[in-house]
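Student: starting from these lines, generate the structure:
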Amino acid sequence: MDRNESYSLSASLTQQIIVSAVEHHTFGSDKEIGDGMFTVEDHRAGDFWLDLAGGAQVRLKVSYQEKKPGTPDKKSSNSPFRRSKQ
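Tutor: Sure thing, here's the model as predicted:
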């Protein structure tokens, strides 16, 4: 399945990002495909394939921009993605 989704978030270069892929079913329960983790520093520019637990892969494109001093943090979005609190 080919689906293009985008999501913006504020993160430091050393931040670990956890990606969880779920197959959505309109009728019935959703099936978890797997999850994986990467650091922003390792993939701050470009796209790559992330191996998920369970053998699946997702293609990600990361674009990192340094935050300018005095710039306020972004407000939370209405994105379907969940951000874990650490």
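Student: any idea what S20 is bridged to?
Tutor: D35 (DSSP bridges).
Student: start at 147, not 1
Tutor: Renumbered: residue one is now 147, and that last one reads S166.
Student: mind pulling up the pLDDT for S154?
Tutor: pLDDT for S154: 82.
Student: I figured F184 hits A157, correct?
Tutor: No: between F184 and A157 there is no contact under Cβ atoms under 8 Å: 11.1 Å. Heads up, the C-betas are built off the backbone N, CA and C, glycines and all.
Student: those two: which has the busier surroundings?
Tutor: F184 (17 against 14; other Cβ atoms under 10 Å).
Student: what's the host helix or strand of that one in contact with?
Tutor: F184 belongs to strand 177-185 when assigned by DSSP states H and E. Residues outside strand 177-185 that contact it (Cβ atoms under 8 Å, 6 or more residues apart in numbering): 159-169, 171, 194, 196-202, 204, 206.
Student: likewise for stretch 158-176?
Tutor: Applying Cβ under 8 Å, 6+ apart, the contact partners of stretch 158-176 are 157, 177-187, 190, 196, 198, 202, 204, 206, 210, 228, 230.
Student: distance of the most centrally placed residue in the chain from L206?
Tutor: Nearest to the mean C-alpha position of the chain, counting by Cα atoms, centre = their mean, stands V165 at 4.9 Å. Counting by Cβ to Cβ, to the nearest Å, the separation of V165 from L206 is 7 Å.
Student: could you do F194 as well?
Tutor: Distance from F194 to L206, by Cβ to Cβ: 6 Å.
Student: what does Q161 give?
Tutor: Distance of Q161 to L206, computed by Cβ to Cβ: 14 Å.
Student: repeat that for W195.
Tutor: In terms of Cβ to Cβ, W195 sits 8 Å off from L206.
Student: can you pick out the residue with more neighbours from these two?
Tutor: Between W195 and L206, L206 has the larger neighbour count (other Cβ under 10 Å), namely 15 against 10.
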